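Undergrad: Provided below for reference: sequence and predicted model.
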Amino acid sequence: MKKCMIWLVAAIMMILAGCSGNSGGSESSSGSGSGDSGKSDETKTMKMAVATSKDRSLTQGLYKFQEIVEAETNGSIKVEVFPDGQLGGDRVVFEGLKMNSIQGTTMSTGPIAGFVKEFEVLDFPYLFKDEETAYKVLDGQIGTDLLTKLDSQGIVGLNYWENGFRQLTNNKREVKSVEDVKGLKIRTLENELHIDLWKSLGANPSPMPYTELFTGLEQGVVDGQENPAGNITTGNFYEVQDYVTKTDHIYNASVFMISDKFMQTLSDEEKEIVTKASEEARDYQRELNQKESEEAFAALEKEGMKVTELSEEARKDFEDKAKEIYSKYTEKVGKELVDQIMNEIK
């Protein structure tokens, strides 16, 4: 009887051990695990953070990325999108990518330049005359070389999405010339070049995270702000701003980035899927953004804003004043890089 009991207990222990060995089929990871990333039964989670609202083309691009990645990986990668600055402003998100507490984002080049100075060159005022010129530079060797500069931050730059040409709004007066800008308190990106630009135009610039902008306008902390048309509409800035001027003063690329620590957890196949998905989502987002920009001014006018087109003379004045900052920032980012971009544009 005793022998039977011993054999019975031993058999039960073996069964339990076998069950325990097969219980790890759905390991959830935020990219910090040290296991074999090629396992098909391991689920990896990507937190994708963005400052813009869920309706904005940039956020919609992240949803497209989510759709493609989850379908192509058969669920081995789960993508979660956090719009409206839910996980913090640009600087917080960038730091999150470095630490891998956030796995991906798309972000304007202005905030990135605070960490990698060379990106400052893409925010030079009146650098690109249109989107096609920007794409030629960004999607070519110059843009690719710039993306590799993010390696030093522990971030993988995959490509460039589009925030668009920045426009000026305020609630004090119609801006038809550079003279009309003088004295306006303008919210800018947390970026030295943007601050110097608006100083050169006679404004009083005030850097502020995008997540705090609407409240700042509503409470009169600033008189106005400058953003691509899509942000002005989806951010509901027409509720607290009366005037918008088509200045087109900076073309804003938006870099699509992934935490390198997270990328290292992926199998080669998953890395390829993520890369291709970022390219499909980029093309989708750029198309959406151009549609947003085309429709934005009519929508803003309908909401009661005064839309102002600059005369050729006024636009030239804006360009001439804005380009006064070129010499300072050419020295900062490197003359060779600036010359490369200028030659490519020409």
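TA: Received it, and whenever you're ready, just let me know what you need.
Undergrad: could you point out the longest helix in the protein?
TA: helix 268-302 (DSSP state H).
Undergrad: name the helices or strands packed onto that one?
TA: helix 57-72, strand 77-82, helix 131-138, strand 155-170, helix 229-234, strand 243-246, strand 251-259, strand 306-309 (3 or more C-beta pairs under 8 Å, 6 or more residues apart in numbering; DSSP states H and E). Quick note: C-beta positions are derived from backbone N, CA and C, even for glycine.
Undergrad: Look up the pLDDT of residue 42 for me, please.
TA: Note for residue 42: predicted pLDDT of 82.
Undergrad: Could you count how many residues lie near it?
TA: 20 (other C-beta atoms under 10 Å).
Undergrad: and what of residue 312?
TA: Neighbourhood size, residue 312 [other C-beta under 10 Å]: 7.
Undergrad: Can you tell me how far it is from residue 318?
TA: 11 Å (C-beta to C-beta, to the nearest Å).
Undergrad: Check residue 217 too.
TA: 22 Å.
Undergrad: can you check residue 114 too?
TA: 25 Å.
Undergrad: Quick check on the two: which one has the bigger neighbour count.
TA: residue 318 (22 against 16).
Undergrad: does that one sit in a helix, a strand or a coil?
TA: helix (DSSP: H, G, I helix; E, B strand; the rest coil).
Undergrad: which ones are touching it?
TA: 126, 178, 201, 247, 249, 310 (C-beta atoms under 8 Å, 6 or more residues apart in numbering).
Undergrad: The last one against residue 247, yeah?
TA: Yes: between residue 310 and residue 247 there is a contact under C-beta atoms under 8 Å: 6.8 Å.
Undergrad: Between the two, tell me which one has more neighbours.
TA: Neighbours were counted for residue 310 and for residue 247 using other C-beta under 10 Å; residue 247 has more, 24 against 19.
Undergrad: Give me the pLDDT for the more buried one.
TA: Value for residue 247, per-residue pLDDT: 98.
Undergrad: Counting neighbours, what do you get for the nearest residue to residue 59 once chain neighbours are set aside?
TA: The spatial neighbour of residue 59 that comes closest, neighbours along the chain excluded (C-beta to C-beta, 6 or more residues apart in numbering), is residue 83 at 4.5 Å. Using other C-beta under 10 Å, the number of residues around residue 83 comes to 21.
Undergrad: just for the protein, where's the confidence low?
TA: 1-41 (pLDDT under 70).
Undergrad: OK, contacts around the most centrally placed residue in it?
TA: Centroid-nearest residue in the chain, with C-alpha atoms, centre = their mean: residue 107, separated by 1.6 Å. Going by C-beta under 8 Å, 6+ apart, residue 107 touches 50-51, 90, 93-94, 254-255, 257.
Undergrad: nearest to residue 241, of these?
TA: residue 51 (18.4 Å; C-beta to C-beta).
Undergrad: I figured the closest one was touching residue 86, is that so?
TA: No: between residue 51 and residue 86 there is no contact under C-beta under 8 Å: 9.4 Å.
Undergrad: So which of the two has more stuff around it?
TA: Under the neighbour definition other C-beta under 10 Å, residue 51 and residue 86 were set side by side, and residue 51 has more, 28 against 12.
Undergrad: Could I get the contacting residues of that one?
TA: Residue 51 neighbours (C-beta under 8 Å, 6+ apart): 84-85, 89-90, 93, 107, 209-211.
Undergrad: just residue 153 next, same as before
TA: 94, 97-98, 115-116.
Undergrad: Got the phi and psi for it?
TA: As for residue 153, its main-chain torsions (degrees, to the nearest 10) stand at phi -100, psi 0.
Undergrad: How about residue 235?
TA: Torsion angles, degrees, to the nearest 10, at residue 235: phi -80, psi 0.
Undergrad: just the one 4 residues further on next, same as before
TA: Main-chain torsions, residue 239, degrees, to the nearest 10: phi -70, psi -20.
Undergrad: From residue 48, how far out is it?
TA: 28 Å.
Undergrad: the more surrounded of those two?
TA: residue 48 (25 against 12).
Undergrad: Buried residues in the helix or strand hosting that one, which are they?
TA: Here residue 48 sits within strand 42-49, counting by DSSP states H and E. Judged by neighbour count (16 or more other C-beta atoms under 10 Å), strand 42-49 contains these buried residues: 42, 44, 46-49.
Undergrad: same deal with stretch 95-102?
TA: 96-98, 100-102.
Undergrad: Now do the contacts for the nearest residue to residue 127 once chain neighbours are set aside.
TA: What sits nearest to residue 127 in space, not counting adjacent residues and going by C-beta to C-beta, 6+ apart, is residue 251, at 6.6 Å. Listed by C-beta under 8 Å, 6+ apart, the contact partners of residue 251 are 122, 127-128, 131, 134, 164-166.
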